[in-house]
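# Quick one, fold the following:
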Amino acid sequence: MKPLLQTLLDGLRLLFLRAPRGRAITAGPGTFFAMVALGLVVLCGVSTLDAGAFALSVDDAMALLVEALVTLFAAWLMVRLCGRDVTWGTAAILTATSTFALAVLYWPFDLAASRMQDDDLGLFAGLFILAVSLWWLLALLVLAHWLAPRRFARTLGVAALAFAVTALSWWLPAVSVLTSAEQAMLAETGDDTPPDEAGADEAPAFDAEKLMYDQPALLDAALARLKPQTPGSVDLYVVAFAGDAQENVFRNEAEYVEQLFGQRFGAAGRVLVLENNAATIATRPLASWTNLQRGLDAIARTMDPSEDVLLLYLTTHGSADHQLLVDLDPLPLNQIEPQDLADVLKTDPRLRWKVVVVNACYSGGFVDALRDDSTMVIASARADRTSFGCGADSDITYFGKAFLAEALNQTTSIRDAFERAKASVAQWEATEQQEHSEPQIATSPAIEARLDAWQRTLQPGAIVPFAPAGAKDGSRADAENAEE
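Okay, here's the model as predicted:
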């Protein structure tokens, strides 16, 4: 017990840039691993304070363990260059210092830097990060001087080398055990079970080969049902894309888009729904990149590019590196990135007037790639923020509820509906003490004038109440049973 306490004391001294006393330097591997375990406990405490409930990210824990191995290697380098043989003790002291720093430096400084980034004070946030880096370099300098006193040149070299080695864990991206899209899904839902593990023992409820074979016919049938353009009239064509099959919330939104715009906004017969859901694989074309491209191409051939408007609504999980999750296990479906969507929309001049709504975490990352003079881009979250309301317990996302179910049942202006939805989402997030998602919009006078022209000729229908797709299925089944 005494070596542990002495190591903690020496780690605390180094935190304040004071040299260790020396008695803990003879500590063995047990002391080092005890300091690593203490670091995990402190990390769990910090994560719990951040989340407001017990939490420990698997990726954060893995990062800490990797950092411990890097620290051990740095300690070995330092003692070898200084002619000492106290690797375990040096590594234990450095790990103890890092643990103290996590609680009193890294965590508060990270919170302050994030707050400054939110307030557009990026320069000050950078200075904060620089100050923490400088402190760590000074701490290594103190330790190197203690290991090799009266050798100033060697001390500087050893400290600089140790700093370069330990800083690798800061500079290199963290290696995650999950894909980026899966991380985003866990962030949105709060579920700590990776998707592949959640259904690892369940065989797909469909024949994957037959499903892919049937896709061209399903899509062709859906496209054949689309009404032609009305000459001299501004027609609205809608594509709803529900990318993730693991949660019904996305199917609910896509099918509600069909109902809402078909019944209230005069687009009946001009809505294409692409969705990934086990319940609809025999009746709806899949939400795949190929089907989206084919669907947009067919609609472009039907529309009048001089007057008609396309509304593309994508709802799924999004990742921090700005990929939209497209998933129906076990099919190997391509994910969608901002430039993919930009290329398919901008290279077809027939798709001139557009409203693109991306409802996903980090969807603000799509705005710059998609914006142009004839396009309105709406994103449910900032490029570096998650959005909320998806998951197994949700029927509709926060943004879907605010924008579709509420705002567009109160106004026929898409721009006005966005502003109403943004205010509603902010209020809900504040009530639940969630970090604000900050929905984004990019628009132009040209696209707003085209939407005004469409709105002037629109005869809006009645309010369309939202109901989950499963409830609608049940209602239809009840009606059929009653008829029988």
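# any idea how far the residue nearest to residue 166 when sequence neighbours are not counted is from residue 39?
Excluding the flanking residues, the one nearest residue 166 by C-beta to C-beta, 6 or more residues apart in numbering is residue 74, at 5.0 Å. Backbone N, C-alpha and C define where each C-beta goes, glycine included. Per C-beta to C-beta, to the nearest Å, residue 74 is found 15 Å from residue 39.
# what do you get for residue 404?
46 Å.
# Over to residue 308?
60 Å.
# rewinding a little: if you count what's nearby, which of residue 404 and residue 39 comes out ahead?
A count of neighbours by other C-beta atoms under 10 Å puts residue 404 above the other of residue 404 and residue 39, at 26 against 23.
# can you tell me how far the residue nearest to residue 166 sits from residue 358?
Here residue 74 is placed at a distance of 43 Å from residue 358 (C-beta to C-beta).
# So for these two, which residue has more residues nearby?
Using other C-beta under 10 Å, the more surrounded residue of residue 74 and residue 358 is residue 358, with 31 against 23.
# thought the more buried one was touching residue 378?
Yes: Residue 358 is within contact range of residue 378, at 7.2 Å (criterion: C-beta atoms under 8 Å).
# can you confirm residue 321 is in a helix?
No: Residue 321: not assigned to a helix; according to DSSP: H, G, I helix; E, B strand; the rest coil it is coil.
# what number of residues lie near the residue lying closest to residue 331 once chain neighbours are set aside?
Excluding its sequence neighbours, the residue lying closest to residue 331 (C-beta to C-beta, 6+ apart) is residue 208, at 5.8 Å. Counted by other C-beta under 10 Å, the residues lying close to residue 208 total 14.
# Now do the SS call for the nearest residue to residue 270 once chain neighbours are set aside.
Excluding the flanking residues, the one nearest residue 270 by C-beta to C-beta, 6+ apart is residue 237, at 4.8 Å. Put simply, residue 237 is strand when judged by three-state DSSP.
# do the same with the one 4 residues further on
When the structure is split into helix, strand and coil by three-state DSSP, residue 241 lands in strand.
# likewise residue 412?
Classification of residue 412 by three-state DSSP places it in coil.
# wait, isn't it in contact with residue 266?
No: taking contacts as C-beta under 8 Å, residue 412 lies outside contact range of residue 266: 9.9 Å.
# Need the overlap of contacts for these two.
In terms of C-beta atoms under 8 Å, 6 or more residues apart in numbering, residue 412 and residue 266 are both contacted by the residues 458, 460.
# mind checking how far the residue nearest to residue 270 is from residue 342?
Residue 237 sits 19 Å away from residue 342, going by C-beta to C-beta.
# Check residue 398 too.
26 Å.
# between those two, which one's more packed in?
In this comparison of residue 398 against residue 342, neighbours counted by other C-beta under 10 Å, the higher total goes to residue 398 at 25 against 18.
# Excluding sequence neighbours, find me the nearest residue to that one.
Nearest to residue 398 is residue 389, by C-beta to C-beta, 6+ apart, at 3.6 Å.
# May I have the secondary structure class of that neighbour?
coil.
# and if you look at residue 378?
strand.
# beta partners for it?
As for beta bridges, residue 378 partners with residue 357, residue 441 under DSSP bridges.
# hang on, it packs against residue 419?
No: at 10.7 Å, residue 378 does not count as touching residue 419 under the criterion of C-beta under 8 Å.
# Of those two, which one has the most company?
Ranked by neighbour count (other C-beta under 10 Å), residue 378 and residue 419 place residue 378 first, with 28 against 14.
# Tell me how far the more buried one lies from residue 148.
61 Å.
# So which residues of the stretch 51-200 of the chain form helices?
Ranges of helices in the stretch 51-200 of the chain, per DSSP state H, counting those that start in this stretch, are 58-81, 87-101, 107-118, 122-147, 152-166, 168-171, 180-189, 195-198.
# who does residue 236 bridge with?
Under DSSP bridges, the beta-bridge partners of residue 236 are residue 309.
# which ones are touching it?
261, 265-267, 270, 308-311, 454.
# And the pLDDT at the residue most central in space within the chain?
Closest to where the C-alpha atoms of the chain average out (C-alpha atoms, centre = their mean) is residue 319, at 3.3 Å. Note on residue 319: pLDDT of 92.
# That one and residue 336 touch, don't they?
No: between residue 319 and residue 336 there is no contact under C-beta under 8 Å: 10.8 Å.
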